[in-house]
Structures are given as structure tokens and as C-alpha cells.
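1. What follows is a predicted protein model with its sequence.
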Amino acid sequence: MASKGRIPFLEADTEKPLQETIDKTLFISSDKNVISQSSFVILTIGTPIDEHLNPQFTLFKNFFEEIISLLNDQQHIIIRSTVYPGTTEKVQALLRQNNKKTTVSFCPAQIAHESKTHLLSAFYQKI
């Protein structure tokens, strides 16, 4: 949906900026092979939990093990999801264990979906 210039959730004043950037400076793909061509990789994986609602790192670990060969030291990965504390550090450690200097940051998804664009000026997020 977003790859066609439409926002998949209620969000005021966002379709025009999306339509202006999609396939120009913003590329959306589920094909992991495009990662090697990207300067910034925005990862949106939800919080994986077990049957007792305990957070699990396995999904992230498996994903990064799949894409590790596609990453380079000039890239920056932005984890844009609701994840449990320590996930960014674990991802960074996994990358370092594989001799990757790829940088990682976390951008929490805590702003109400209906009013992100209006609240962004009130909530400063440093990425």
C-alpha cells in the first residue's frame, strides 16, 4: 500500500509527502537483496514474544544472520519498531561479531498514529 503512495493507516497530511518521495528517495521493499544498495535501512519488525509474553531476540537474530552478507560499513540501520530494551545493543553486538561496522539506531513508535505529523514538532526524536 505505501509502495503505491498510500498510507496504510489513518494519518493526516502524509499521503502527499509519501507520493513525492516514493521511488525517488524512498524505496519500500520486502526483497532483502535491495539492502546492499541502500544507505539507510529502516527495519519494522514487531516485538517477538514467546508463549509467556517474554521478549525474544530470535527473530532479529535470524533476520540479521540472513542479511549480514548484504550489509556494509557505510550503512545505517534504523530499527523503527516497538522492541524491548537492549535490542539495539544486541543487534550492534551481532554485527560486530561478524566484523560489520554498520551503525544502528532505534526510533520508538510511541506517537499516536492519528496525529504523528502534528505531534512531531512537540516530540523531538534524535535518530
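-> Nice, thanks for sending it over.

2. Walk me through the domains of the chain.
-> Here the domain parsing of the chain from automatic domain parsing is 1-30, 31-119.

3. Go through those domains and find the least confident stretch.
-> Lowest mean pLDDT within those: domain 1-30, at a mean of 71.

4. still on that earlier bit, quick one: the domains of the chain as a markdown table, columns for mean neighbour count too.
-> No exception for glycine: its C-beta is placed from N, CA and C like everyone else's. As requested, the domains of the chain are arranged in a markdown table below (neighbours: other CB atoms under 10 Å):
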| stretch | mean neighbour count |
| --- | --- |
| domain 1-30 | 12 |
| domain 31-119 | 14 |
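
5. Next up, the contacts around the residue positioned nearest the centre of the chain.
-> Centroid-nearest residue in the chain, with CA atoms, centre = their mean: L43, separated by 2.4 Å. Contacts for L43 (CB atoms under 8 Å, 6 or more residues apart in numbering) come out as F63, I77, I78, I79, R80, S81.

6. who does the helix or strand harbouring the first one touch, helix- and strand-wise?
-> Per DSSP states H and E, F63 falls inside helix 58-67. On a contact count with 3 or more CB pairs under 8 Å, 6 or more residues apart in numbering; DSSP states H and E, helix 58-67 meets helix 87-97.

7. let's go with 10 Å and repeat that
-> Counting contacts by 3 or more CB pairs under 10 Å, 6 or more residues apart in numbering; DSSP states H and E, helix 58-67 is packed against strand 40-43, strand 76-79, helix 87-97.
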